[in-house]
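Colleague: mind looking at a prediction? Sequence and model below.
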Amino acid sequence: MPDKDQAVTPETFGFRLNWQRLREARRREGSFLLRSNVTGSDPAQLRGFYLQLTEVEQAFRELKGDLALRPIYHRTDARIEAHIFIAFMAYCLQVTLKQRLRSLAPGLTPRAVLDKMTAIRMVDVHLPTTDGRAVTLSRYTEPEADQALLLQQLKTRLTRSATTRITPINVPASA
C-alpha cells in the first residue's frame, strides 16, 4: 500500500489473491442457507415449504401493488367474504394472464398488459325510440395499433357485435 500522501501507481500498490477464500466464495455463489426451527423433517420438504411461502408473499405483493387492493373495513360477514372472494378471483385472473403471457408473449408482465389495455373501454349508447323505449347498443372503443397487436399475440379478440337491448324508459309520473 502507498503511504498516506504518496500517489497510487503500479510501483506503490500491489495485491495478492487469497486463492482459498476465493474458491470458497465461488463455491457458495448462487446458493443460500435456509435456517428453520422445524426439526425432524426432510430438507426437500422444508425447501418446498419455503418456496410456497415466497409464492404466497409474492401473491400478497401483487394483490397490493398490481391489483391495487387495499384494506376495506366491512361491517357484515357476508361483505367480508364477498371482498375476499373478489380479491381471490382477481388474483386467479392475474395468475392465468401471467401463465398465458409466459407461453404467448414472453417478457411481458400482467401489469404491462393491464396498463396497455386500460384505454379500451366498453360504452353503452342509449337511443330513445318514438314508442317510449330505448335501444341500448354496447360497443368497445377501437383498439390502437399496439393494443391490436397485443390482442393478436394473446390470441384473443374483442367482440365485434356487442349486445343490443331494448328497454322501457322510466318516465316520471306527471303531477
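Modeller: Looks like it came in fine.

Colleague: where are the low-confidence patches of the chain?
Modeller: Where the chain drops to pLDDT under 70, the residues are 66-70, 160-164, 170-175.

Colleague: and the helices in it?
Modeller: Using DSSP state H, the helices of the chain run over 19-28, 43-64, 77-104, 110-117, 145-153.

Colleague: okay, those helices, which one's buried deepest?
Modeller: helix 110-117 (a mean of 15; mean count of other Cβ atoms under 10 Å). In this view, the C-beta of every residue, glycine as well, is placed from N, C-alpha and C.

Colleague: so which elements touch it?
Modeller: Contacts defined by 3 or more Cβ pairs under 8 Å, 6 or more residues apart in numbering; DSSP states H and E place helix 110-117 against helix 77-104, helix 145-153.

Colleague: of these, which is nearest Leu114?
Modeller: Of all the helices and strands packed on helix 110-117, helix 77-104 sits nearest to Leu114, with 8.1 Å by Cβ to Cβ.

Colleague: and that closest one with helix 110-117, angle?
Modeller: 90 degrees (axes from the mean of the first three to the mean of the last three Cα atoms, to 10 degrees).

Colleague: mind checking how far helix 77-104 is from the chain centre?
Modeller: Helix 77-104 has its C-alpha centroid displaced from the chain centroid by 10 Å (Cα atoms, centre = their mean, to the nearest Å).

Colleague: ok, now stretch 19-36?
Modeller: The answer for stretch 19-36 is 33 Å, by Cα atoms, centre = their mean.

Colleague: name the residues that touch that stretch?
Modeller: 46-47, 50 (Cβ atoms under 8 Å, 6 or more residues apart in numbering).

Colleague: domains of this structure?
Modeller: Listed domain ranges for the chain are 39-115, 121-167 (source: automatic domain parsing).
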